[in-house]
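Novice: Got a sequence here, can you model it:
(chains A and B)
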Number of protein chains: 2
Amino acid sequence: MTKVVKHNSMRSTNTLALFECIRKYGPITKKEIQQHTGLSWGSISTIALELISKKLIVEIKSSETVVGRTPCLLDVSSTDNFIIGVDVNLSGLTAVLIDLKCRIIKKVREEMSVPNKSNILSKISHMISELIDSVDDRHKIKGIGLALPGDIDAQQGVSIFVPHFEDFSKVPIKKILEDEFGIEVTIEHDPNCMALTERRMGLAQNVDNFMFIRLSMGIGMSIIMGGKIYRGLNGSAGQFGHVTMNPDGPRCSCGNYGCLETYASCETILRKSREGMKMGRAPVLETLLSQGDRLTLATVAKAARGSDEFIMSIFDDAATYLGIAIANVVNIFNPELIVLGGDLMNYQDIFLSKMRCFVDFKCWKNAKHPIEVSTFGSEAAAIGAALLFTDKIYEEVVSDHSEKIGD
Amino acid sequence: MTKVVKHNSMRSTNTLALFECIRKYGPITKKEIQQHTGLSWGSISTIALELISKKLIVEIKSSETVVGRTPCLLDVSSTDNFIIGVDVNLSGLTAVLIDLKCRIIKKVREEMSVPNKSNILSKISHMISELIDSVDDRHKIKGIGLALPGDIDAQQGVSIFVPHFEDFSKVPIKKILEDEFGIEVTIEHDPNCMALTERRMGLAQNVDNFMFIRLSMGIGMSIIMGGKIYRGLNGSAGQFGHVTMNPDGPRCSCGNYGCLETYASCETILRKSREGMKMGRAPVLETLLSQGDRLTLATVAKAARGSDEFIMSIFDDAATYLGIAIANVVNIFNPELIVLGGDLMNYQDIFLSKMRCFVDFKCWKNAKHPIEVSTFGSEAAAIGAALLFTDKIYEEVVSDHSEKIGD
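Specialist: This is a model prediction of the structure:
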């Protein structure tokens, strides 16, 4: 049923509108804010004072003088609030320190040598310490966001299960890190973090309904509907890697058969390459390895680019099944945008055009289907994990306000 | 960007909240409205007066007396506003006359003998005339809603293309009927109408994100997100019948291969039954036809129930592919509810349990997936087409108001 609107929730909404306007366009004059938001001069002044007292925005003098006066500019405070974002992935760990203007202040990276619980937790802890030490006052760090693969309980802050991670079932990671650092921690599924990055500062800034597909060791999807993360009935939305492409297909890590991941994940590409080499069918790859290259996705891609036909056929299969699976998503949802990211996109020259052909061929003839590739590379999820926390700060701006007025 | 809230849009929202409350719980006292909506006594009185003057609600005397007073009850006016809904489907045409309380006042049905333009338009026209004649004053009919299959341009009121309908390309059906009857006409894709029926008065009354799947001659889907019809980037969302189940599968009417419709539509079941009979493999069906039954879905179902193994295998295939396709939807969207409807559901005893098994088996292990069967039968789309118009009336209540205040 339609909810009635009361004056205090109106005020909260206006506070958020003003803050978002300053974040997006700052430094900005009150007059310009008025033009963007339609808020009255009085409201802008009152709300701005409140946000300044919370050290969320600052007032700065303009260098220009207008009719003898120097107009004040409002901007998001970039020296008082920092957030840490960490991406925990089988292919490596990345952590970033960002300010409220979403600029990366510092970045650290660690290899994922042995993916077991103690090793992962100690690397996360080490990276966070390094970022905290780079800030003059640790109280300026307002939160730590964590991007995690697999099944998570975002509300409880627990990592339920991650394929390929050892002893990593039901890890209360939020509590562990909060106890260690005394800073609030939020966890989120990694494709959701990457989608947030696109939504806030990437390809999806003006797109309300889109999907982000992470093509890495596994295949994950984030669905943004009406500008918000869509989680589904019990948080299982986005298991795109486990749509059935062929009920008679290969066994998948999830227990099913013929899932998309069994055709198009980085793990599948590596496994098939290894199998092909054992059968003596991948001569270029074999030569590369004999010259000292390790069996990584980069090496396999080099073999494909070096015209190893068997390896090329593996990428072709991945392109075909990905194309059909994405066409099916288009047929059902006709999303405004699909953004592709993840490790596999480093090798898009090998498979992307074939994949696009299959999407074109297999989707409903009238359905538009814009597909773009993320430009954030390996930092996308870490940035997004931090952004998750900026959203929390914004929400607090509003809820503080509602509480104060007694909504 | 968050929109600022102004007083006049607040008033419109409150008007809608009050109207919805009366529609849902009426006859209802002002005190009860206050408990449901949280609106002030003054606001309720002012808005109620306005809605009474528009003949949308009425004030009636309660039969109970409380402390010497007879409290007034407010209810939606059931004698001043009627709407016609028409469902145009290859399996037949259904038209209903409903009041603002969404009760069916009268219903008419026509067989779809020859599905060509002149025949379809004349049947629609005949049905609408009959319903108009049943009302004492034709001005009380506030609109005509039309549920159409195929591709439509809802905004322009044009039927773009309907498979199996002859000369039915680019038919400006809204204009044709408005010229004939002088009553506003709205058209909508038929699964969307059926979903609206479930949302307003069926299985999805408290469900914001769900899908309705119509299994008839074709297979269509309606997606409701945040309580509203989700249409996708260019209106192509819901082409569920054309997801690729097998890239090497049979040719589909859409031009592609191995679409879900080539395995699970009523048309496919009929075609395969005919082919099986020609090959002498469907003895029970052959006997039924020799006894005078026509080759309809009802007869084919009778053969399956009579243990015609070949016909049973056709239903089994349909169940398998439907199960996998629905599991894929669950894996991606984890919707709060999936409602199944359409002609095929008349024979659910033959295939539904097998289909459910495949959904259970093929979907992500943690994903809840409630699937229910619509109880509205053949009237669902016609009722929904009319409901579409009640929503328009509600919107007008609000937009009238905004205009008057000058938002």
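Novice: Leaving out chain neighbours, which residue sits closest to residue A:194?
Specialist: Nearest non-adjacent residue to residue A:194, counting by Cβ to Cβ, 6 or more residues apart in numbering or on different chains: residue A:380, 4.4 Å away. Just so you know, the C-beta spots here come from the backbone N, C-alpha and C atoms, and that holds for glycine as well.
Novice: so what's residue A:152 up against?
Specialist: Applying Cβ atoms under 8 Å, 6 or more residues apart in numbering or on different chains to residue A:152 gives the contacts A:158, A:159, A:160, A:187, A:188, A:189.
Novice: Distance to chain B added to the residues you listed, as JSON lines?
Specialist: As requested, the contacts of residue A:152 are exported to JSON lines (distance: Cβ to the nearest Cβ, whole Å):
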{"residue": "A:158", "distance to chain B": "14"}
{"residue": "A:159", "distance to chain B": "14"}
{"residue": "A:160", "distance to chain B": "8"}
{"residue": "A:187", "distance to chain B": "17"}
{"residue": "A:188", "distance to chain B": "16"}
{"residue": "A:189", "distance to chain B": "13"}
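Novice: between those, which is closest to residue A:83?
Specialist: Of all the contacts of residue A:152, residue A:83 sits closest to residue A:188, with 13.1 Å by Cβ to Cβ.
Novice: can you confirm that closest one is in a strand?
Specialist: Yes: assessed with DSSP: H, G, I helix; E, B strand; the rest coil, residue A:188 lies in a strand.
Novice: can you give me the helices for chain A?
Specialist: A:7-25, A:30-37, A:41-53, A:117-133, A:173-181, A:190-201, A:261-264, A:266-278, A:283-290, A:297-305, A:309-333, A:348-362, A:380-405 (DSSP state H).
Novice: which outside residues touch the fourth one?
Specialist: Helix A:117-133 has contacts (Cβ under 8 Å, 6+ apart) with A:84, A:86, A:88, A:93, A:95-97, A:106, A:108, A:110, A:112-113, A:138, A:141, A:144, A:146, A:165-168, A:171, A:173, A:176-177, A:180-181, A:183.
Novice: ok, of those, which come out buried?
Specialist: Buried subset of those (neighbour count, 16 or more other Cβ atoms under 10 Å in any protein chain shown): A:84, A:86, A:88, A:93, A:95-97, A:108, A:110, A:112, A:141, A:144, A:146, A:165, A:168, A:171, A:173, A:177, A:181, A:183.
Novice: Please list which of those residues also come close to chain B.
Specialist: Checked against chain B using Cβ under 8 Å from any Cβ of the partner chain, the buried ones among the contacts of helix A:117-133 give no members in range.
Novice: Strands - which of these land there?
Specialist: Those of the buried ones among the contacts of helix A:117-133 mapping onto strands are A:84, A:86, A:88, A:93, A:95, A:96, A:97, A:108, A:110, A:141, A:144, A:146, per DSSP state E.
Novice: can you put those residues in CSV and add distance to residue B:225 and pLDDT?
Specialist: As requested, those are exported to CSV (distance: Cβ to Cβ, whole Å; pLDDT from 0 to 100):
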residue, distance to residue B:225, pLDDT
A:84, 33, 97
A:86, 31, 97
A:88, 31, 94
A:93, 35, 95
A:95, 35, 97
A:96, 32, 97
A:97, 36, 97
A:108, 39, 97
A:110, 39, 94
A:141, 36, 95
A:144, 32, 97
A:146, 28, 97
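Novice: Format these as CSV; extra columns: distance to residue A:121.
Specialist: Below are those laid out as CSV (distance: Cβ to Cβ, whole Å):
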residue, distance to residue A:121
A:84, 15
A:86, 11
A:88, 10
A:93, 11
A:95, 14
A:96, 19
A:97, 20
A:108, 16
A:110, 12
A:141, 19
A:144, 13
A:146, 11
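Novice: Skipping its backbone neighbours, what lies nearest residue A:73 in space?
Specialist: Nearest non-adjacent residue to residue A:73, counting by Cβ to Cβ, 6+ apart: residue A:27, 3.8 Å away.
Novice: Okay, the one you found and chain B: tell me how far apart.
Specialist: To chain B, residue A:27 is 18 Å away according to Cβ to the nearest Cβ, to the nearest Å.
Novice: Could you give the number of residues near that residue?
Specialist: Applying other Cβ atoms under 10 Å in any protein chain shown, we find 15 residues neighbouring residue A:27.
Novice: can you pull the contacts of residue A:147?
Specialist: By Cβ under 8 Å, 6+ apart, residue A:147 lies in contact with A:85-89, A:187-190, A:192-194, A:381-382, A:384-385.
Novice: One more: residue A:232?
Specialist: Per Cβ under 8 Å, 6+ apart, neighbours of residue A:232: A:238, B:209, B:333, B:334, B:335, B:336, B:367.
Novice: okay, now the residue in the stretch 251-400 of chain A positioned nearest to chain B: neighbour count?
Specialist: Closest residue of the stretch 251-400 of chain A to chain B, Cβ to the nearest Cβ: residue A:334 (2.6 Å). Neighbours of residue A:334 under the rule other Cβ under 10 Å: 25.
Novice: Please name the spatially closest residue to it (chain neighbours excluded).
Specialist: Nearest to residue A:334 is residue B:232, by Cβ to Cβ, 6+ apart, at 2.6 Å.
Novice: Can you report phi and psi for residue A:281?
Specialist: Main-chain dihedrals, residue A:281, degrees, to the nearest 10: phi -100, psi 0.
Novice: can I see the domain layout of chain A?
Specialist: Listed domain ranges for chain A are A:7-77, A:82-196+A:380-394, A:206-374 (source: automatic domain parsing).
Novice: Put together a markdown table for the ones you listed, with distance to residue B:304 on each row.
Specialist: Output for the domains of chain A, formatted as a markdown table (distance: least, Cβ to Cβ, whole Å):
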| stretch | distance to residue B:304 |
| --- | --- |
| domain A:7-77 | 57 |
| domain A:82-196+A:380-394 | 40 |
| domain A:206-374 | 22 |
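Novice: Am I right that residue A:87 is in contact with residue A:376?
Specialist: No: Residue A:87 is beyond contact range of residue A:376, at 10.9 Å (criterion: Cβ atoms under 8 Å).
Novice: Quickly list what's touching both of the two.
Specialist: Common neighbours of residue A:87 and residue A:376, using Cβ under 8 Å, 6+ apart, do not exist here.
Novice: Among the two, which residue is more densely surrounded?
Specialist: residue A:87 (28 against 18).
Novice: For residue B:102, see how far away that one is.
Specialist: 51 Å (Cβ to Cβ, to the nearest Å).
Novice: same thing with residue A:251?
Specialist: 50 Å.
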